[in-house]
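Asks: Sequence and predicted structure are below.
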Amino acid sequence: MAVPPLLSLADETQYRQYFLNNFVHDNVTTHHGIRVHFKTNDFDHAFYESSQRDRVKDRFSQDRSQRMKWINFTLSDSNADWFQGWIKLRRCYDVTRSVAVAYGDFVVVTEFRANRDGEWVAKSVICYVADNRITKIRQSPPWSLQDCKNELGISCDRRFATLAQRPKPQ
């Protein structure tokens, strides 16, 4: 699939408005048909980066923002590669977190869960150009919809999922 065009807007305010209109207030789904939720404050997490590499996101990233359209294209691309997400603090892979790759080294990280009503939902975590980390990402275990459902205890149709009966903790 051809790489989508870069988004070219005048300033951060316009990128933020584009994000609100096309992600927060719109219906974004994966090619599996799962709705991905975006919150207003996700913009700062996804489109800011650390100028000192100290995890303090203090600089607007034009590079990430220009690829904003790629998020939708990646999530909806049935040919994208999906890998399990790495949880740094636990030092392990997590089948409920995916890293989707469709365009070179651009990645979209998504977290899946079952809500209180047992519905299958996802939330955006972050997107970025992985650069030299893409090789390691591509060596991660593949992400599977079924493995994720099993981990979350989801049964039934993916759009109207219900939580499997679990014993209540004592």
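Replies: Thanks, I have it.
Asks: separation between residue 116 and residue 32?
Replies: The gap separating residue 116 from residue 32 is 21 Å, by Cβ to Cβ, to the nearest Å. The way it works is simple: take the backbone N, C-alpha and C, and place the C-beta from them, glycine included.
Asks: what do you get for residue 43?
Replies: Taking Cβ to Cβ, one finds residue 43 at 25 Å from residue 32.
Asks: Repeat that for residue 83.
Replies: Applying Cβ to Cβ to residue 83 and residue 32 gives a distance of 15 Å.
Asks: Over to residue 119?
Replies: If you measure residue 119 against residue 32 using Cβ to Cβ, the figure is 14 Å.
Asks: Strands of this structure, residue ranges please.
Replies: 28-29, 35-37, 48-49, 59-60, 81-87, 92-103, 106-114, 120-129, 154-155, 162-163 (DSSP state E).
Asks: Pick the most deeply packed of those strands.
Replies: The highest average neighbour count among the strands of the chain, using mean count of other Cβ atoms under 10 Å, belongs to strand 106-114 at a mean of 21.
Asks: Show me what it packs onto, helices and strands only.
Replies: Where contact means 3 or more Cβ pairs under 8 Å, 6 or more residues apart in numbering; DSSP states H and E, strand 106-114 is packed against helix 68-76, strand 92-103, strand 120-129, helix 145-152.
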